[in-house]
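Undergrad: need a structure here:
(chains A and B)
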Amino acid sequence: MTELQVLLFASYAEAFGASAVTVSVPDRGTVEDVVAALRVLPGGHVLPARPLVSVDRRYAPGAVPVHAGQEVALIPPVAGG
Amino acid sequence: MIRAAIVAAPIDVAGLLDEVTAECTGATTCFVGTVRDVNDGRAVTGIEYSAYAAMAIEEMTRIGTEARAQFGDVRIVIEHRVGTLGLRDVSVAIAVSHARRAPALDAQRFAIEELKRRVPIWKCEHYVDGDRQWVDPTAIASDAPAVARGGQ
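TA: Model prediction:
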């Protein structure tokens, strides 16, 4: 298993009660595995079917592989402007 | 020339206009977003903005790069403010310049639309009745951002 820290913001940070959480995903895991691990944490029920995730500050679809040391973030629906 | 920033202090709109204006430019445009008193029928007293600053700056810079690829040699500066803002406060300002007006105006529109669609910035509205709520455009609009559907 690989341990990854996931950054949380705005409504998701409030739902999870933290600005970052650590999750374990299978080796050679993907963004989808990260989302699945987050979904079962307290607060994870607020996540939509396909939440936005970024890897190293770029949006990453579910099939993108994740590695230890990458900057992974869960992105709530954006509302800038 | 492209510059993007997330700022905590008030945005100096005139400064941005000055920054993009050069001897080679003949048209400078500016979009300014401000805090409005009503949203979805509810009286708003202020908005608390937060951002994933590192990614927001990169994403706004990518928008600037795409604007230059599409509309030519525009000069563009984007600043978005974070923190608690009151009514009429400037939340975002985008200044664009070009030798001619059409590319400047087109790039201006492109930049604000893309910023709203994909830059990781969030707003929590505070209402007159004391309530607060994170704004979720995907809950109102049927066409969620392409990134939400796994594309970009």
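
Undergrad: Backbone dihedrals for the residue in chain A positioned nearest to chain B, please?
TA: As assessed by CB to the nearest CB, chain B sits closest to residue A:80 within chain A, at 3.2 Å. C-beta coordinates here come from the backbone N, C-alpha and C atoms, glycine included. Main-chain dihedrals, residue A:80, degrees, to the nearest 10: phi -70, psi 170.

Undergrad: count of neighbours near residue 12?
TA: Since no chain was named, I'll use chain A. Neighbours of residue A:12 under the rule other CB atoms under 10 Å in any protein chain shown: 26.

Undergrad: you looked at the wrong chain, it should be chain B
TA: With other CB under 10 Å as criterion, residue B:12 counts 14.

Undergrad: any idea of the pLDDT on the residue lying farthest from the centre of chain B?
TA: Most distant residue from the mean C-alpha position of chain B: residue B:129, 27.9 Å away (CA atoms, centre = their mean). pLDDT recorded at residue B:129 is 93.

Undergrad: Could you look up the SS state of it?
TA: Under the three-state scheme (DSSP: H, G, I helix; E, B strand; the rest coil), residue B:129 adopts coil.

Undergrad: Let me see the contact set for it.
TA: Counting by CB atoms under 8 Å, 6 or more residues apart in numbering or on different chains, residue B:129 makes contact with residue B:43.

Undergrad: From residue A:11, how far off is it?
TA: Using CB to CB, to the nearest Å, residue B:129 is found at 20 Å from residue A:11.

Undergrad: Need the nearest residue in space to the residue of chain A closest to chain B, chain neighbours excluded.
TA: Among residues not flanking residue A:80 along the chain, residue B:121 sits closest, at 3.2 Å (CB to CB, 6 or more residues apart in numbering or on different chains).

Undergrad: In contact with the one you found, which residues?
TA: Per CB under 8 Å, 6+ apart, neighbours of residue B:121: A:78-81, B:6, B:49-52, B:56, B:80, B:82, B:115.

Undergrad: could you redo the last one with a cut-off of 10 Å?
TA: The neighbourhood of residue B:121, defined by CB atoms under 10 Å, 6 or more residues apart in numbering or on different chains, consists of A:9-10, A:78-81, B:6, B:49-53, B:55-56, B:59-60, B:80-82, B:91-92, B:115.
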